[in-house]
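1. Just the structure for this:
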Amino acid sequence: MSRVLSTPKQAPHGRTLVAGEPTLFHCNHYNYWLQKTLLLPTDLKMGEVIRDAAASVAHAWVSNAREELGFEDAAGALQFAADAFAQHGFGTIDFSEADADGGTVRTPTSHYGQCFRSIVDGDFAEPQTYFDQGYAAGAVAAAYGLDAGAFAARCEQCMALGAEEGVIALVRRDEPADSFNSPGEGKGSGQEPPPQSEHTNVDEAAVLEALAGLDFSGNEEGLIPRFGVMLTHHFANFYDRISFEFVRRMGDTGLLEYGEQLLVDAGYRCAFNTFGGIMTSAEWDAVVRPQCETREDWVHGMVAVVNALGWGVWRVHELSEDKLVVRIWDDYESRGWLGMYGEADRPICYLAQGGAAGIMNLVYTGGIADGPTLDEDYFKEIFESEDRYVAEQTKCMAQGDDFSEIVVTKEG
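-> Reported below is the predicted structural model:
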C-alpha cells in the first residue's frame, strides 16, 4: 500500500511533527465524548468551531507538505491530503469532484462517522463529521493556494446517520471567512525532564522500544484498530483549539468551572477506554505485564506507554495507593495554549487531569489487573464510586511553570 506522505520528525520530549503540525494519539471514545461535550450547549455553536479548527490545521498541514514535498500542482497536494487522512486513521477521502470553485468531497470510510456510530450502536440524530467537513475545506483551499476560510462546508450525507458514505459539499465564499491560525509546534518551557523514577520494576525505555516496533498506520479503510479501540494519529492544535474555545465560551456564560470539569470528565473517558484497552491488551501482556510485580508497577507501566502517545513526557514524582503526583514536561495542552494565547491565568491541562486520575481509578479502584470487561457498568463502578480518585492541577507550564503537575487523591 503506497501513500504519498510527509516523513514524521521526532521533536524533543516525545513529540512528533508531521508537515509542521504536532500530532498525537487519541481514540474514538475520547473523540466521541469530547465532541458530545462540546455540542451539548447548542447556543455556543461549537460545531462551527470544530469545522474551523479542522480546516485550519488541514490548511497548514497541506500547505507545509506542498513546500516540503515539492508539489507543483493541486493534484499532488490533494493526493497527500487523501493519503495522510487514511494514514492517520481518519478514514478515506475522495477529492476528485472538487476544485478551486468548490464541489463534492466523499468519505467512503470515516472515523467520525462509522466509528462514532459503533459506540452508540445505532444512528445519530444529527451529522457528526464536523472534522471531515473542515478537513475537506482546508485541504482543498491549501491545494489551490486559497485562504483557509475560502470554502463553506456542508454535510450532505453522514455515515453516523447510517449513510453508506459521507458526502460533503464545498461552496466557494465570495470573501474568505476569518479563520483560526494554527500555531504549529507551539511553545515549550525548554526545560529537560528528569529520568524515569527508580522506584519501579518497569523499564520505560524497553516499553517505548517495543511500541515503536508496532504499526500504527491506517489500514486499507484508513482506520487504526488497536487495543480494542479505533485510534487516530490526530492534530494537537485541533484538540487544543476546540477545547480552549469551549472553555472561553462557557466562561462568557458564567459557567467556566463547569466547562472545565466537563473537559476533565472527557479525559476520564479517554483513560477508561484507551488506557483500559491498553492494559487489557495482548501487547500489554507481552511487553509490560511481565515487568509488573506490584500495582505501583502498573501505574508506572501505563505512564511509560503514555510517553509514546505524543502528550509530552510524564514522570511519576510520588506514588502510593493514596496519592499520585505526575509531572509533565512539554504537555501538548500547555504548548498549544502558549502558542495560541500566551500565558494562561489558570491551569488548563484538562485531558492530563482526567488521564492521571483515570490511571489511579483503573489500577486501584477498578482492579484492571483482573481483566474486567470495559463496559458502562464498569465505568460507573469505578468513576462514580465513593472511593474514586480525583485530580487537582498544582502547576501548569502554560502559566509559566517549568512543568505541569497533577496531584491525584481520593475524593473527600
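2. contacts, neighbours, all on C-alpha from now
-> Will do.
3. who's in contact with stretch 262-276?
-> 26-27, 29-30, 33-34, 37, 227, 229, 243, 302, 350-359, 362, 368, 374, 379, 383 (CA atoms under 8 Å, 6 or more residues apart in numbering).
4. Same question for stretch 284-300.
-> 200-203, 207, 210, 278-279, 301, 316, 319-321, 359-360, 363-364.
5. tell me which residues in that stretch are buried?
-> 284, 287-289, 291-292, 295-300 (16 or more other CA atoms under 10 Å).
6. Can you name the residues that contact Glu126?
-> 160-161.
7. Next, the contact list for the spatially most central residue of the chain, please.
-> Central residue of the chain (CA atoms, centre = their mean): His26, 4.1 Å from the mean position. By CA under 8 Å, 6+ apart, the contact list for His26 reads 231-234, 270, 274.
8. For the chain, just list every one of the helices.
-> Using DSSP state H, the helices of the chain run over 28-39, 46-69, 74-87, 116-120, 130-143, 204-212, 236-252, 256-270, 276-279, 282-287, 295-306, 332-341, 350-360, 376-383.
9. Tell me which of those helices approaches Phe180 most closely.
-> Phe180 sits nearest to helix 46-69 of all these, at 6.1 Å, using CA to CA.
10. Report the buried residues of that closest one.
-> Buried residues in helix 46-69 (16+ other CA under 10 Å): 46-47, 49-66, 69.
11. per-residue confidence averaged over stretch 133-142?
-> Mean pLDDT, stretch 133-142: 98.
12. and what of stretch 15-26?
-> For stretch 15-26, the per-residue pLDDT averages 96.
13. Would you pull up how far that stretch lies from the middle of the chain?
-> Centroid separation between stretch 15-26 and its chain, computed with CA atoms, centre = their mean, to the nearest Å, is 10 Å.
14. any idea how far Tyr32 lies from Thr129?
-> From Tyr32 across to Thr129, the span is 11 Å (CA to CA, to the nearest Å).
15. For the two, work out which one has more neighbours and name it.
-> For Tyr32 versus Thr129, neighbours defined as other CA atoms under 10 Å are more numerous around Thr129 (28 against 22).
16. Pull the number of nearby residues for the spatially closest residue to the more buried one that is not a sequence neighbour.
-> Distances taken as CA to CA, 6 or more residues apart in numbering place Tyr112 nearest to Thr129, at 5.3 Å, with adjacent residues excluded. Neighbour count of Tyr112, defined by other CA under 10 Å: 23.
17. give me the low-pLDDT residue ranges for this structure?
-> 1 (pLDDT under 70).
18. Which residue of this protein lies farthest from its centroid?
-> What lies farthest from the middle of the chain is Asp174; by CA atoms, centre = their mean that is 33.2 Å.
19. picking that back up, what's the closest of the helices of the chain to Asp99?
-> From these, taking CA to CA, the stretch that ends up closest is helix 130-143, at 7.0 Å.
20. tell me what the closest one is packed against?
-> helix 46-69, helix 74-87, strand 91-99, strand 151-157, strand 166-172 (3 or more CA pairs under 8 Å, 6 or more residues apart in numbering; DSSP states H and E).
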